[in-house]
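J.: Fold the following and give me the result.
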Amino acid sequence: MGQQLSAFDAQFLNFESGTNLAHIAGLTILDPSTAPGGAVTREDLIALLRRRLHLAPPLRRRLVEVPFGLDHPYWAEDREVDFDYHVRELALAPPGDDHRLAEQVARLHGRRLDRRRPLWELYLIHGLTGGRSAIYTKVHHAAIDGVTGVEVLAALMDFEPAPRDTPAPPEGEDVQEAPDTVEIVIRAVARVLDNPFALLRFVAEAMPRLDEVPLISQIPGAGLVSRVVRSVGAERLPDLPRMVVPRTPFSGPVSQHRRFAFGRLPLDDVKHVKNAFGVTVNDVVMAMCAAALRRWLAKRDELPRVPLVVGVPVSTRGQPGNGSAPAAPLANEVMLTMTTIPTDLAGPEERLRSVNHSMRLIKERFAAAPATWLLEFSQAMPAALSALAARSAFRLASRRTGAMNLMISNVPGPQTPLYVCGARVLAQYPISVITDVSGGINITVFSYDGMLDFGVIVDRDMVPDVWDIIDYLGDALAELVALADAQGPKTGPNTGAKPGAKTRAKAKPAPKAVPKAASKPGAGSRTKPAPGDTAKRGETGDRG
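T.: Residues are numbered from 1 along each chain as shown. Just a heads-up that it's a prediction; the model follows:
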């Protein structure tokens, strides 16, 4: 019988609508010159997928719904994946620059996946400047999270231009057949009868943690209830700061239409800042985002006096729960933590210190509590109630500013070059989700081969100048690098620096935008990037 979705994974299906889309994606930039014949074709990709599909389970499963929504859906094996449908090909119109690529990707990202088929699509894109190609791959969030997405990439990519030998599927492999309708209805009814008892147990456990739950934490009195219950209970959890979600230009219901921008920055520069101030790589990334968003909001004279509230996914893989594991394996093993980023602070070092303090508070909070409690709580809810709760939450969010202003995610990736069908991967830009609840902007970062690849997806009407955010991220890092050069390295648990270690002699030049086809008045020009040039917006001629 097929594997049932966990309650947490099913929520990505429950909240999806024509505007709240629930797929994530990656934009892979390729140098085809290293591939056989100097090109990657659609036929090459289909052949690769046929050879390795058994190594990527999310790509070969389709959904089977339970009648009347009595229980969460099941995954079933699709024995004949229709590659002609799933693998597509297109070419950019001249000049094929990164802005035109981003516009095409934004259109593709605004289209829902067909739930009657395995929940993924792949587009091979030709016509990029510099002889490059690209692959845009989107997969439903119910099937993968950031970490499993990296695992799928690993299955399809190689560490050398020559493809590795792929082991054949094990003989007698257990194929997850579509479940029998009568059987799944019987199981669903049994679960409905059992759930009230499990739910009562988890309601008691949830009371001290209401201030951790997006949207619920914004209900007046929720934080007070949590603090009172914690004060009288045996469990001692650190208090989270009180967070008020300010209204911004990217607050409110999102539309179906998207904009996208991407860029890359040197990981060494981020580590230089990390070592100088004794913080983490993630702290530096969050401080950069705070600086970029502060500048973007101030430019529009819409900078709130209070800090923005941010959702930060944290992986729970391998972390212990409370002894009651979910009934189904999880495609998404994450907790969405809530914090603030100091867009209200003017000084870059002050922002970095503030981020470090906030992130340490979150770590202390979740170190003191089972990391999987919210997953287990959602698993205890009846499926129909869970679906109703998701839809109600999104309706409530559409009338308020949302549970947060935006989401920021940082996904670690491989630090060595990768290849697809012999073509070197120059960059791997992540593309995530925006919703009514999470706000009209999402910044996701993927580390690959010594670089941080930023993908910024926004609502098309809310953020018309998304490329400015990429520019501001580069400027924010340059500002921190200059401070780090003056500061010198520190030693400590987060630095990786040894006593007596010397700072770099000189910071790398501040990242600048590649010139647009029609530059803005007064915009500075820049020469075409050479191989090895690192911090560029869009242009990825070297990758790594």
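
J.: What distance separates the opening and closing residues of stretch 67-81?
T.: Stretch 67-81 has an end-to-end distance of 24 Å (C-alpha to C-alpha, to the nearest Å).

J.: Same question for stretch 125-140.
T.: Counting by C-alpha to C-alpha, you get 20 Å between the two ends of stretch 125-140.

J.: so Leu113 makes contact with His141?
T.: No: between Leu113 and His141 no contact is recorded; they are 10.2 Å apart, counting by C-beta atoms under 8 Å. In this view, the C-beta of every residue, glycine as well, is placed from N, C-alpha and C.

J.: who has more neighbours, the two?
T.: His141 (24 against 19; other C-beta atoms under 10 Å).

J.: Quick check: phi and psi on the more buried one?
T.: Here is the backbone geometry of His141 (degrees, to the nearest 10): phi -70, psi -20.

J.: and Arg50, helix, strand or coil?
T.: Classification of Arg50 using DSSP: H, G, I helix; E, B strand; the rest coil returns helix.

J.: quick one: contacts for it?
T.: Phe83 (C-beta atoms under 8 Å, 6 or more residues apart in numbering).

J.: What are the contacting residues of stretch 159-167?
T.: 34-35, 48, 51-52, 55, 158, 416-419, 421-424.

J.: now these: which count as buried?
T.: Neighbour counting with 16 or more other C-beta atoms under 10 Å marks 34-35, 48, 52, 55, 158, 417-419, 421-424 as buried within the contacts of stretch 159-167.

J.: quick one: which two of the residues you listed are the most distant?
T.: Spanning the widest gap among those are Thr34 and Leu55, at 22.5 Å by C-beta to C-beta.

J.: any idea which element the closest residue in space to Pro464 that isn't next to it in sequence lies in?
T.: Leaving aside its sequence neighbours, Pro464 sits nearest to Arg259 (C-beta to C-beta, 6 or more residues apart in numbering; 7.3 Å). When elements are assigned from DSSP states H and E, Arg259 belongs to strand 258-266.

J.: and Arg117, what is it in contact with?
T.: 62, 78, 82, 85-86.

J.: measure Arg187 to Trp75 for me?
T.: According to C-beta to C-beta, to the nearest Å, Arg187 and Trp75 sit 15 Å apart.

J.: More neighbours: those two, which one.
T.: Remark: of Arg187 and Trp75, Trp75 carries more neighbours, 27 against 17, as counted by other C-beta under 10 Å.

J.: Strands along the stretch 101-250 of the chain, start to end?
T.: Secondary structure of the stretch 101-250 of the chain by DSSP state E, counting those that start in this stretch: the strands cover 120-126, 133-140.

J.: surely Glu121 meets Lys138?
T.: Yes: at 5.6 Å, Glu121 counts as touching Lys138 under the criterion of C-beta under 8 Å.

J.: anything in contact with each of those two?
T.: Counting by C-beta under 8 Å, 6+ apart, the contacts common to Glu121 and Lys138 are 108, 113.

J.: what's the helix or strand containing Val284 packed up against?
T.: Using DSSP H and E, Val284 sits in helix 281-299. If you count contacts as 3 or more C-beta pairs under 8 Å, 6 or more residues apart in numbering; DSSP states H and E, helix 281-299 packs onto helix 267-277, strand 308-315, strand 334-341, helix 348-367, strand 406-411, helix 466-487.

J.: Quick check: which of those is nearest to Ile29?
T.: Nearest to Ile29, of all the helices and strands packed on helix 281-299, is helix 466-487, at 14.9 Å by C-beta to C-beta.

J.: Low-confidence regions, the stretch 1-150 of the chain specifically.
T.: For the stretch 1-150 of the chain, the stretches with pLDDT under 70 are 1.

J.: how about the helices in it?
T.: Using DSSP state H, counting those that start in this stretch, the helices of the stretch 1-150 of the chain run over 7-14, 42-52, 83-86, 98-109, 146-156.

J.: Buried deepest among those helices, which one?
T.: Comparing the helices of the stretch 1-150 of the chain by mean neighbour count (mean count of other C-beta atoms under 10 Å), helix 7-14 ranks first with a mean of 23.

J.: got the domain boundaries for the chain?
T.: Using automatic domain parsing, the domain ranges for the chain come out as 7-156, 207-415+431-513+532-537.

J.: can you redo those domains as a markdown table with distance to Thr166?
T.: Shown next, in a markdown table, are the domains of the chain (distance: least, C-beta to C-beta, whole Å):
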| stretch | distance to Thr166 |
| --- | --- |
| domain 7-156 | 5 |
| domain 207-415+431-513+532-537 | 18 |
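
J.: still on that earlier bit, just send the strands of the stretch 101-250 of the chain back as CSV, with mean neighbour count and distance to Leu30 too.
T.: Shown next, in CSV, are these (neighbours: other C-beta atoms under 10 Å; distance: least, C-beta to C-beta, whole Å):
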stretch, mean neighbour count, distance to Leu30
strand 120-126, 22, 9
strand 133-140, 23, 5
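
J.: export those strands to a markdown table and tack on distance to Val105?
T.: Shown next, in a markdown table, are these (distance: least, C-beta to C-beta, whole Å):
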| stretch | distance to Val105 |
| --- | --- |
| strand 120-126 | 8 |
| strand 133-140 | 5 |
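
J.: Looking at the ones you listed, spot the one closest to Leu336.
T.: Closest approach to Leu336 among those (C-beta to C-beta): strand 133-140, 17.6 Å.

J.: Does anything pack onto the closest one? Which helices or strands?
T.: Other helices and strands packing on strand 133-140, by 3+ C-beta pairs under 8 Å, 6+ apart, are strand 23-31, helix 98-109, strand 120-126.

J.: Relative to Gly455, which of these is closest?
T.: Nearest of these to Gly455, taken as C-beta to C-beta: strand 23-31 at 7.0 Å.

J.: who are the neighbours of that closest one, in terms of helices and strands?
T.: When contacts are defined as 3+ C-beta pairs under 8 Å, 6+ apart, strand 23-31 packs onto helix 98-109, strand 133-140, helix 146-156, strand 423-431.
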